[in-house]
Every structure is written in C-alpha cells, then in structure tokens.
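Chemist: Model the structure of this input:
(chains A and B)
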Amino acid sequence: MKKFYLKRSTLGIPYILFLSLFVIAPLIIICYYAFTNGAGQFTLQNLTAFFTSGDAIGTLIYSLLVAVVTTIVCLLIAYPVAFILAKGGYKRGNVLLMLFIMPMWINFTLRITALKEILTLLEGNLAFHPFLNTILGMTYDFLPFMILPLYNTLVKIDSSYTEAASDLGAKTSHVFFKVILPLSIPGIVSGVTMVFLPAMTNYVVLDMMYNSTYIMGSLIGSYFNAYDWNNGSLISLILLILMLIISWITGEFTDSDETTGGAYE
Amino acid sequence: MKRKTDFIILGAAFIAAIAVSLTGCQKAKSDTLVLRVANWEEYIDEGGWDSSEAIDLENGTTILGRNSMIDDFQQWYEQTYHKKIKVEYSTFGTNEDLYNQLTIGDTFDLVCPSEYMIMKLLSEDKVVPFSNEFFDTDNKENYYARGVSPFIREMLNKQEINGLSLGNYVAGYMWGTLGFVYNPEKISRAEAEDWNLLRNPKYAKRITTKDSVRDCYFAGLAMVEQDTLQSDDFLQKNDYKEQLQELLNNTDSEKIAQVGAVLREVKDNAYSFETDSGKSDLVSGKVYANLQWSGDGPYSMQQAEEDGVELKYAVPKSCTNLWFDGWCMLKSGIDDNAEKQQAAEAFVNYISKPENAIRNMNYIGYTSSIAGGDSQDIFDYIKWCYGAEEDDSDTEDYPLGYFFSGNENDENYVIRADKDMVTGQLYAQYPSKDVIDRSVVMACFSPDANRQISKMWTGIRCFNPFD
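Modeler: You can find the predicted model right below:
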C-alpha cells in the first residue's frame, strides 16, 4: 500500500462534498424541472411562458427597480459615512464603525419590526406608501453591507496619493473625483454586489413592510404553492443566470481596476 | 496517482456516509415500533404546565399537561398494548409544504392537513381508510368513535370525493369558521358581518386579509354572490344547504374572472395580505379588522384584552367557510403494516380522549372535534372558560346542543355566558347554530381550476406594466 499523505487537495474534499451535495445536485434538479412539464417530458414551454407573461416580466422589472433604487440610496448614504470614518483621522472611527456594524448582530426581522413602528409614528398608515417603505426597509437592512467594503477600500488608500495631488495644485473636488473616487471603485463594486443581489429577492422585507406586490422571490414561492414546480424552477434558473451576469459584469470592473488601484486586495 | 488517492478517499467517505445512514435506519427497526407523524406547528400540547395552570372542572376532574402529549402517548401505548413505540414527530407550515414534502418522497404514517388537502390526497389514492375496529363504539379505548361530535361525524360523512366518503378516511381534529376579528370601537357589528368589509372604502387601508388564495377566493366569491345569497328566494329553498354548497364551490372560468375583479378592489383597499402580522396589528391599532380563522380568534381577543383593547369576532351574514384539520393515514407510510395502522389509530384515539382534547384546546386555542360522548368534561371545560359567574342581565343562554348531542334544542347543553363572550371568544370557538347553517366546506379545486385560480391570484399580486 502506498503511504497516505495529507495533500493540499485532500483538504478541499469536505468543501467539494458540500458543494456537490448542496449546490450542484439541487442545481441539476432545478434544471430538470425547468425544462420538463408536469408529466416529465422535455419542453421549452416554461421558458416561452416566462417571456410572454406580462406578470413575470413585470415582476422582474419591479424587482430590478427595487434593487436599483435600494442600491443607489445605500451608496449615497454609505459613501460619505465610509469616507468620514476612513479619512476623518480621529480614533473615534472605530467606535463609529461599531455603531454601524452592531445593528448587523441583531436579527433583521427584529430590526424591521422596530422600523415599522417608527415609520407608523411618522407616516400614520404604512399601507399608503408600500414602495417607499420597502426601500426604507431594504436600505436599513443592507446599509452595513455597503459601508463595510467601502470603508475597507477607502482606509487603505495611501494618503500620499491625495497629498501628492494637492501638492501639484489639484483642488479638493479634483482630488476627490480624480484620485479617491477611482481608487475606491473596487469597494463600490463589491458593496453594490452585496446589496443589489439580495435586494432583488428578499421578499420578507416586502411582506413585513405590507407591500403586497410580488418580487421574484415571492413569485417563485407562489408557483411552488400551486404545485407548479416546473415554472417555479424555470424562474429560479432565470434569476440565477441574471445574477451570474451581474456578478460577471461587476467582476470585469474590479479586474480592470486592479492594476491602477492597488488599494484592492 | 495523486488523483487516484483522492478518488479513493472521496469514494470511501461516500460509502461510509451511506453505511452510517443505513445502519441508523436498521437500528430503529428492531424492537420498537416507529410511528411517523406530521402535524401543524404548535398544534399539540407540548406540556410543561405549571400547577397553577391546572384546569379544575365543575365535575371534579383536574386537567394538567405535565409532559408533552407525545411522551404521554408513548407511555400510555406501552402500558395499554405492551409494545414499545417511538413517535417521530415533525411539523409543517402550510398544506402545500406537506404536499411538496410527500412529493419528494418523505413518508409519514399519520398526517393532519386541512380538509382540501385531505381531499386532494384522497383523490390521488394516497390515504388508507380507518379500520372497522376503529369505529367500534363498544370498545372502551376507542375514544374517537365514542367522543366525536355528532355534528362533525355527520359533516365528514356527507363530504365525498370521487364517491368516497371522508368519514371513513379522516378523524377530525380541529375545526372552525372564517370571519373577521374586529375592533368594535371602530367598526359596527353589521359592517363586520359583511364580506364587503374587505373593500369598504370607509375603512380604506384599515383591514387586513389573509395571504392565502383559498381564503381570499372564498371571500371574493361570497362578495360576487352576495345578492343571491341574501335573497329570500334563495334562503327559502328546500335544498338551501346543497345550493349553498354548490354556489360557493363554483370554479367556472367566468366566476374566477369575476372574483379576480373583486379581489383587485380588495388589494387596493386593504391594508395588506398578511401571513402572521394581522393579530399584532389589530392590538396595536394599525388595523381595525382582520380576516381570520375562528381558531386564532380567541387567542387574539385574549391578547388584546390583556393590552386593554376589546376585540370581537363576527361571521358574515351571507355565508362562511367551514374548515377542519383532520388525521389521515397515508399509504406510503403504513404500507399494509397492520401493526403500524393499529398504532396510528391508537394515537388518534389517545389525543381524542376528552382530557387530552381539552389539553390540546387549551394549548392551541382552537376548537376540538371531540364532544366527549359519555364524558361531561369538554362541556364543563367550555363552561370553565366562558360560563358567567353570576346570572345577571349581562348574560344570556348560548345553546350548543347541535355540537354535543346533535339536537340543537337539547337543554343539557346550554351555557349561560356573558354577552361579551357571545359576540367574542365563545362565538369564535363554538359558533352558534345559525352560523353552522350558513357554512359550507370548500372542496379542493380541480387541477385545472387550481391553475386558473393561481393565475388569477398571481395576476393580482404582480406589477404588470403591459395591462
């Protein structure tokens, strides 16, 4: 018998097992259901049904809208915060960072429940502004995921870059737009991915904020509740492909910036 | 060579995993009988009562749930039948979850879905009938057959699917009606006794409805048929009950479209389609009324009372949905094993023992299908819960003969209760005879109707820029 050595690749086995059991196997099952009908025969009908249904396309648009608006709002709030935390130059930075990260330790349904009460005080009746409340809830929920990568990137930008730019006569606004912003793009990209993708499917927030309109997550659920696994699987697959495309696009962004940035690991 | 060792290790790990799981199964098989039971979440007494929580009935019986019902059953079974039993108890969140679990190959011996899911399973030939021994009322241990309410027995026998009577396949567990829990300070009782409350503009964004296709379809259909349902002509028909049943089980394409139009109005007018926020929103005052199953009513009202808010329960005047959850044995689990079937039937009998039915009712808040037979315990329990302490002008007689003896005028089963209870908790837990008269069971939709109704429902819920 050959002697057994613990190789590097052997260490990967638990992960491979996990991956094949819980990621690849379900994926194969989803693909099977997506391209068969109730009787188990191959069909493309589910695919055509998705692209010809106004409800399905409308839900896709609505989900994208929720995700895009949430991401923009998160970015607009998070960037200045992350900037101040990273560049403020005072030691309170860590304390402030904790203040933003700490809410993440509390279960998000609890946080949304609290937010609901506050908004009811402010708005009176939540049901009149379902979209606004959804965005507020999502922003509240996902903001830390935007702040953290931005902070990590910004804090690593060497201050000699900005000093050099100022020495050479750049105005403050120029320093920001020509030096800091381009260098922080990797942080923006990872922040956007961490907010955009979950925001597209997190129907729990919608439910809790009394928004009765379906997004992709709830639409998939509704098909499974009606015993229609085939159409449900197809929509899951479409969502998956959409996410792969989005991660690929954002991946392209970070790759091209890696050489110029240097701030991103 | 390196590749090869990896493969061997991977293979060995797989084989080991499979072997472990197999021996796991084998071990359990040996001397103890295993009964796999699936029930709703929080739908059986889990024990752990304090002695201060004991129920002291008028007839001297004291009821206390120290251990969980499952543990007690295991003990009782061993004592009674001298065989060891292990109940593998699991729970599900919706009927559809249970159905999907069964579809991917999970097997259960005994499950407790709602009426329409039972009918669906029965129409797919997945249910084992209860044995003749189970219905033998001479056997002292047959608590179900001896104790089930005559009203429930008759109702189950009348329900048929594919020519099979539900009475042979189902043992009733909990049952109730569909109605509104409402805040009487904001809404009048007359308004709450009308399905149109859901689209009443006077209460725009103040009423929640259930995020459930079937419940909304029923309410929608009742609104569409409102005029017919309340016309004298219809009410005085000889076969009123049959006509009512037929009218409220209508799933023609045309009807579905009409219901869809009504439900669109409901979506625009209602506060939300809720899954579980309705009760707390009523108490906090966010909403004034909430479509609820009667079983959830008493608990909501009690909670609200503790917070100083008075809530009532109303059942619309035109009609209501009579729902029930029942135990049925599945072919995939029982698999012609007489021993298992006997154990499953014993389980149903054990939880149908009056004292156990009371424990479950007290724990869950719903209404048991058991009336108790010879035992007065259940009637005394209702008295213990809702009976008035003094006979003054604020009390009234509330007859429940239809449930306990099958005779609505039976004077032995009349409760003297506070007027508050007669429109509140008591009314929710045990509806009066007039509510029963206008209630129908909504059968499972045919696959085709189900597709159309789901489509209608998705259409209402989705954002559609092309409409």
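Chemist: Name the nearest residue to residue 229, sequence neighbours excluded.
Modeler: Let's take chain A. residue A:33 (5.0 Å; CB to CB, 6 or more residues apart in numbering or on different chains). C-betas here are computed from N, CA, C, even on glycine.
Chemist: looking at chain B here, not the other one
Modeler: Leaving aside its sequence neighbours, residue B:229 sits nearest to residue B:318 (CB to CB, 6+ apart; 4.1 Å).
Chemist: Would you mind identifying the helix or strand in chain A with the lowest mean pLDDT?
Modeler: The weakest-scoring helix or strand in chain A, judged by mean pLDDT, DSSP states H and E, is helix A:92-101 (a mean of 73).
Chemist: hang on, the earlier thing: quick check: the gap between the residue nearest to residue B:229 and residue B:424.
Modeler: From residue B:318 over to residue B:424 the distance is 21 Å, taken as CB to CB, to the nearest Å.
Chemist: of these two, who's got more company?
Modeler: Shown here are residue B:318 and residue B:424; by other CB atoms under 10 Å in any protein chain shown, residue B:424 has more neighbours (25 against 22).
Chemist: what about residue A:40, how many neighbours?
Modeler: Neighbourhood size, residue A:40 [other CB under 10 Å]: 10.
Chemist: Kindly state the pLDDT recorded for it?
Modeler: Note for residue A:40: predicted pLDDT of 86.
Chemist: quick one: it is in a strand?
Modeler: No - looking at residue A:40 with DSSP: H, G, I helix; E, B strand; the rest coil, it is coil, so not inside a strand.
Chemist: residues contacting residue A:249?
Modeler: Going by CB atoms under 8 Å, 6 or more residues apart in numbering or on different chains, residue A:249 touches no other residue.
Chemist: How far off centre is the helix or strand it falls within?
Modeler: Element membership for residue A:249, per DSSP states H and E: helix A:229-261. A distance of 11 Å separates the centroid of the chain from that of helix A:229-261, by CA atoms, centre = their mean, to the nearest Å.
Chemist: Can you give me the buried ones in it?
Modeler: By neighbour count on 16 or more other CB atoms under 10 Å in any protein chain shown, the buried set for helix A:229-261 is A:229-239, A:242, A:246, A:250, A:253-254, A:257, A:261.
Chemist: swap in stretch B:64-81?
Modeler: For stretch B:64-81, by 16+ other CB under 10 Å, it's B:65, B:68-70, B:72-74, B:76-77.
Chemist: What residues are bridge-paired with residue B:179?
Modeler: Note on residue B:179: beta-bridge partners residue B:292, judged by DSSP bridges.
Chemist: Would it be right to say that residue B:91 lies in a strand?
Modeler: Yes - according to three-state DSSP, residue B:91 belongs to a strand.
Chemist: and it, what does it touch?
Modeler: Listed by CB under 8 Å, 6+ apart, the contact set of residue B:91 reads B:38-43.
Chemist: export the buried residues of stretch B:64-81 to CSV and tack on secondary structure and distance to chain A?
Modeler: Formatted as CSV, the buried residues of stretch B:64-81 follow (DSSP: H, G, I helix; E, B strand; the rest coil; distance: CB to the nearest CB, whole Å):
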residue, secondary structure, distance to chain A
B:65, coil, 30
B:68, coil, 27
B:69, helix, 29
B:70, helix, 29
B:72, helix, 34
B:73, helix, 32
B:74, helix, 34
B:76, helix, 37
B:77, helix, 35
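Chemist: ok, of those residues, which one's closest to residue A:149?
Modeler: residue B:68 (47.5 Å; CB to CB).
Chemist: Run the chain-centre distance for stretch B:230-245.
Modeler: How far stretch B:230-245 lies from its chain's middle: 26 Å, per CA atoms, centre = their mean.
Chemist: Check which residues of it are buried.
Modeler: For stretch B:230-245, a neighbour-count test (16+ other CB under 10 Å) marks B:234, B:243-245 as buried.
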